[in-house]
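Engineer: Sequence and predicted model, in that order:
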Amino acid sequence: MNLERLQADEHVFSGIMRSRLLSAGMHMSDFRWLKEMGLPCERLQTHKILNKALIESMKRYDDQVSIEFGLKHSPLAPWLLSISREKYLSYLTNESQPYKMPAVCSSLQKVWRLCPECIEEDCSEHGFSYWHTSHQHIGVQVCAKHHCLLHTHDELFKADFRLPQQWKDTSTPIQIEYEWQYLWQPFMLQLSAALEEDVTLPERLRREVFDYFGVSGNLLYRERGSFDEALKVMEAELGESFFKHMIACFELECKQKTNPIWVVLYDYDVMQSRARHPIYMLMVLFWLRDKLPSLGWIDYEWRIRLS
Ligand SMILES: [Zn+2]
């Protein structure tokens, strides 16, 4: 059976959900249907980027496994800050499982999000709504097109083959609680869009961060302590809630806290052959957003509609 054709900005899992809803196999369990379709029997979660479910789903749609497909139909763009395009493609084409979920992110990052205005538009244009890729980026609470608050529901930690229109009456807006979250929305959405277009941007940003800290080569592990002072400044400037929203060890108030500056500067790839989560680089870029030339173009004058 063919899968439903994906729409612009539609998450690949959304295409699979729509295919399931239109298939003759509604009497089957979800897992059995996935198996019959040759898809991995895994939960469809939005925050996992290089797991088997996403990789296999992409291959069902695009056997050439192009990076362009991944960018349009999964929230991959920020991951290009922490893994190269070549490495990403090698993960897609090799059967290896590089992905190990790092202990990062608050529950916000893990739920599927929907925009009530996109639902209206999509239903009138196509007759159905679908899960948008751009609504699923890290920490995003606002629709890039409508600038209104996205909605979610506790049960949307995983997708259960329901489309956004079926959640419209039970989902609630994700409230913006902190000042930094107003800035995070334009930062994250515009940066993700730029990363889709500009293949040179990740390396430029990485170089600018290294230059900012005066690091020219690989650091030695024993130099770690010297970046703890920088972390103190970063914590003071961004505030406790920022760190608690981004990294679990701050949320859980662990004794040993990850220093995102160190993670970015220290060459993890030498030590570990697995993919690194981009949250650390995003945190550092957000902190230095006014200081790095390659981020100077981002427009923060968005009027976010709160109701
Ligand atoms: Zn929208």
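Structural biologist: Here it is on my side, so go on.
Engineer: Please make it C-alpha for all contacts and neighbour counts, starting now.
Structural biologist: Fine.
Engineer: Identify the residue nearest E203 in space, chain neighbours excluded?
Structural biologist: Nearest non-adjacent residue to E203, counting by Cα to Cα, 6 or more residues apart in numbering: L81, 7.8 Å away.
Engineer: Which residues are in contact with the one you found?
Structural biologist: Going by Cα atoms under 8 Å, 6 or more residues apart in numbering, L81 touches P202, E203, R206, P278, M281.
Engineer: Highest neighbour count among these?
Structural biologist: Ranked by the number of neighbours (other Cα atoms under 10 Å), the contacts of L81 place M281 first, at 24 neighbours.
Engineer: so it sits in a strand?
Structural biologist: No: using DSSP: H, G, I helix; E, B strand; the rest coil, the secondary structure at M281 is helix, not a strand.
Engineer: ok, and the closest non-adjacent residue to F227?
Structural biologist: In space, not counting the residues next to it along the chain, F227 is nearest to W262; the distance is 6.5 Å by Cα to Cα, 6+ apart.
Engineer: Kindly report the same for E196.
Structural biologist: Using Cα to Cα, 6+ apart, the closest residue to E196 is A77 (5.8 Å).
Engineer: Next up, the contacts around whatever residue of the stretch 51-200 of the chain ends up closest to the ion.
Structural biologist: Distance from the ion to each residue of the stretch 51-200 of the chain (Cα to the ion) is smallest for C118, at 3.9 Å. Counting by Cα under 8 Å, 6+ apart, C118 touches S129, H146.
Engineer: for the protein, what spans make up the strands?
Structural biologist: Taking DSSP state E as the test, the strands found in the chain are 151-152, 172-173.
Engineer: Let me have those strands in a markdown table, extended by mean pLDDT and distance to G139.
Structural biologist: Conversion of these to a markdown table gives the following (pLDDT from 0 to 100; distance: least, Cα to Cα, whole Å):
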| stretch | mean pLDDT | distance to G139 |
| --- | --- | --- |
| strand 151-152 | 95 | 13 |
| strand 172-173 | 96 | 14 |
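Engineer: which of those strands is buried the deepest?
Structural biologist: When the strands of the chain are scored by mean count of other Cα atoms under 10 Å, the highest mean neighbour count falls to strand 151-152 (a mean of 24).
Engineer: List the beta-bridge partners for E10.
Structural biologist: Beta-bridge pairing for E10 (DSSP bridges): H132.
Engineer: Correct me if wrong: it contacts W131.
Structural biologist: Yes: between E10 and W131 a contact is recorded at 5.8 Å, counting by Cα atoms under 8 Å.
Engineer: more crowded one of these two?
Structural biologist: Using other Cα under 10 Å as the criterion, E10 and W131 rank with W131 on top: 30 against 20.
Engineer: if I pick that one, what's in contact with it?
Structural biologist: E10, H11, S14, R113, L114, L163, P164.
Engineer: quick one, phi/psi of it?
Structural biologist: Main-chain torsions, W131, degrees, to the nearest 10: phi -80, psi 120.
Engineer: residue ranges with poor pLDDT in the stretch 101-250 of the chain?
Structural biologist: For the stretch 101-250 of the chain, applying pLDDT under 70 flags the ranges 101-108.
Engineer: Tell me where it has helices.
Structural biologist: Taking DSSP state H, counting those that start in this stretch, the helices of the stretch 101-250 of the chain run over residues 116-126, 179-197, 201-212, 228-238, 240-246, 248-251.
Engineer: Check the gap between M28 and H73 for me.
Structural biologist: Look at M28 and H73: by Cα to Cα, to the nearest Å, they are 26 Å apart.
Engineer: More neighbours: the two, which one.
Structural biologist: Comparing M28 with H73 by other Cα under 10 Å, the one with more neighbours is H73, at 24 against 11.
Engineer: Pull up the per-residue confidence for the more buried one.
Structural biologist: Per-residue pLDDT puts H73 at 94.
Engineer: Tell me how far the closest residue in space to it that isn't next to it in sequence lies from the ion.
Structural biologist: Using Cα to Cα, 6+ apart and skipping residues adjacent in sequence, the residue nearest H73 is H11, 4.4 Å away. Distance from H11 to the ion, counting by Cα to the ion, to the nearest Å: 14 Å.
Engineer: cool, C249 as well?
Structural biologist: 32 Å.
Engineer: Burial check on that residue, number of neighbours?
Structural biologist: C249 has 18 neighbouring residues, counting by other Cα under 10 Å.
Engineer: what sits against D62?
Structural biologist: F69.
Engineer: What residues does this protein have near the ion?
Structural biologist: Proximity of the chain to the ion is confined to C115, E117, C118, C143, H146 under the rule Cα under 5 Å from the ion.
Engineer: redo that, cut-off 6 Å
Structural biologist: For the chain, the contact set with the ion under Cα under 6 Å from the ion comprises C115, E117, C118, C143, K145, H146.
Engineer: Please, a PyMOL command that selects the buried ones among the residues you listed?
Structural biologist: To isolate the buried members of the residues of the chain next to the ion in PyMOL, using 16 or more other Cα atoms under 10 Å:
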select buried, resi 115+117+118+143
